[in-house]
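Asks: Starting from these lines, generate the structure:
(one chain, ligands or ions: 2)
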Amino acid sequence: MNEINTEHRADRPRGPQLLAVSDLHVAHAENRTIVEGLRPESDGDWLIVAGDVGERTEQIAWALRTLRDRFAQVIWAPGNHELWTPKQDPAGLRGVGRYEHLVEVCRDLGVLTPEDPYALWEGTGGPVRIAPLFLLYDYTFRTPTAANKEESLAQARAAGVVCTDEFYLHPDPYASREEWCDARVAYTEERLAACDPEVPLVLVNHYPLVRAPLDILRLPEFAQWCGTERTADWHLRFNTAVVVYGHLHIPRTTWHDGVRFEEVSVGYPREWKRPGHARTVPRRILTAAGAGASAPDGQAGRLLDALHDDL
Ligand SMILES: [Fe+2]
Ligand SMILES: [Fe+2]
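Replies: Numbers count the residues shown, from 1 in each chain. Ligands and ions are numbered 1, 2, ... in the order given. Next comes the predicted model:
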């Protein structure tokens, strides 16, 4: 039996909460059960979904619609899995075309995306502005001994570590994923710079913005598919309350230069069923104490109540 923190069940927060989750990977039936079990803690809760909802458009739409029906506002940033072009997906779109199609799906559902104005959260821990980001990666988190992307990729291949993105995440019409990343970084940097510096930001990105959280990867070659050096100082340059990310399937809280980073991933069933895996989703991002305060470590909520009987 995995460890479950029950302390917070008696400690229901008062007032609307800002919650976050990522890596729902709803192609797995057991993860769809998790989505069906997700509920707000109180009226007016918002839910951040930091990417990797799934691969197939109809499954992504199902998950976001299910969550949209329950939470006052859902905010989505894409993961690498949403950007794949799966063979079975009738949409069949690649790269930018696929991303723009997903943005349209979100708009039809009332889900906010990186293409929308950054929403102001005025519930518990606010006011903060929530900025969902889509930045991709550019292979700058390469292996320590590689001089360039090619060497880093070669080392990864030799180690038997190749991200599936290499086969399914197409950059069209850009020539490469790093060119697409370059355009996204430039666009996003400009938008963040235009934000009111007096209002703290919750930066939501599928990847962790800084490299340090990647240091514990079991397969260090995987880091090159996990972000870009170009965002290394964004949590300092912009008035950042919290960085919310996923992708690594290592849910935890870390601090970098005094800024809190929250990985909020669920991951695959084989991962969240592992003894000791922290299954605290959805995670509460802000407390009444203020944006910079650390959230409690265990926020099991009804999801874990529901799963308790299954495991
Ligand atoms: Fe994932
Ligand atoms: Fe991912």
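
Asks: pLDDT weak spots in the stretch 201-311 of the chain?
Replies: 278-280, 289-311 (pLDDT under 70).

Asks: For it, just list every one of the strands.
Replies: With strands called from DSSP state E, counting those that start in this stretch, the stretch 201-311 of the chain shows them at 201-204, 240-245, 252-256, 259-263, 283-284.

Asks: can you redo those as JSON lines with distance to Asp116?
Replies: Quick note: C-beta positions are derived from backbone N, CA and C, even for glycine. Shown next, in JSON lines, are the strands of the stretch 201-311 of the chain (distance: least, Cβ to Cβ, whole Å):
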{"stretch": "strand 201-204", "distance to Asp116": "12"}
{"stretch": "strand 240-245", "distance to Asp116": "17"}
{"stretch": "strand 252-256", "distance to Asp116": "27"}
{"stretch": "strand 259-263", "distance to Asp116": "22"}
{"stretch": "strand 283-284", "distance to Asp116": "22"}
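
Asks: can you tell which of these is closest to Tyr168?
Replies: Ranking the strands of the stretch 201-311 of the chain by proximity to Tyr168 (Cβ to Cβ) places strand 240-245 first, at 21.2 Å.

Asks: Can you list the neighbours in contact with the closest one?
Replies: Strand 240-245 is contacted by residues 20, 22, 48, 50, 125, 128, 200-209, 213, 234-235, 259-264, 285-286, 291-292 when judged by Cβ atoms under 8 Å, 6 or more residues apart in numbering.

Asks: For my notes, confirm Ala131 occurs in a strand.
Replies: Yes. Counting by DSSP: H, G, I helix; E, B strand; the rest coil, one finds Ala131 located in a strand.

Asks: number of nearby residues for the closest residue to it other than its chain neighbours?
Replies: Nearest residue to Ala131, sequence neighbours excluded (Cβ to Cβ, 6 or more residues apart in numbering): Tyr118, at 4.6 Å. If you count neighbours by other Cβ atoms under 10 Å, Tyr118 ends up with 23.

Asks: What of the one 10 residues further on?
Replies: Residue neighbour count, defined by other Cβ under 10 Å, stands at 25 for Val128.

Asks: Pairing partners for it in the sheet, please.
Replies: Per DSSP bridges, the residues bridged to Val128 are Trp121.

Asks: so it makes contact with Pro200?
Replies: Yes. Assessed by Cβ atoms under 8 Å, Val128 is found in contact with Pro200 at 4.9 Å.

Asks: Identify all contacting residues around stretch 187-204.
Replies: With Cβ under 8 Å, 6+ apart as the test, stretch 187-204 has contacts from 18, 20, 48, 50, 75, 77, 114, 118, 120-121, 127-135, 209, 234-235, 238-245, 285-286, 291-292.

Asks: Can I get that stretch in PDB, CA atoms only?
Replies: Taking Å, rounded to 0.1, in the frame of the first residue of the first chain, the C-alpha atoms of stretch 187-204 are listed here in PDB:
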ATOM      1  CA  TYR A 187       7.000  35.300 -28.100                       C
ATOM      2  CA  THR A 188       6.600  34.300 -24.400                       C
ATOM      3  CA  GLU A 189       9.400  36.500 -23.100                       C
ATOM      4  CA  GLU A 190       7.800  39.500 -24.700                       C
ATOM      5  CA  ARG A 191       4.400  38.700 -23.100                       C
ATOM      6  CA  LEU A 192       5.900  38.200 -19.700                       C
ATOM      7  CA  ALA A 193       7.900  41.400 -19.900                       C
ATOM      8  CA  ALA A 194       4.700  43.300 -20.600                       C
ATOM      9  CA  CYS A 195       3.000  42.000 -17.400                       C
ATOM     10  CA  ASP A 196       2.500  44.300 -14.400                       C
ATOM     11  CA  PRO A 197       5.700  43.600 -12.300                       C
ATOM     12  CA  GLU A 198       3.600  44.400  -9.100                       C
ATOM     13  CA  VAL A 199       1.400  41.300  -9.500                       C
ATOM     14  CA  PRO A 200       3.300  38.000  -8.900                       C
ATOM     15  CA  LEU A 201       3.100  35.300 -11.600                       C
ATOM     16  CA  VAL A 202       2.400  31.600 -11.400                       C
ATOM     17  CA  LEU A 203       4.500  30.300 -14.300                       C
ATOM     18  CA  VAL A 204       3.100  27.100 -15.700                       C
END
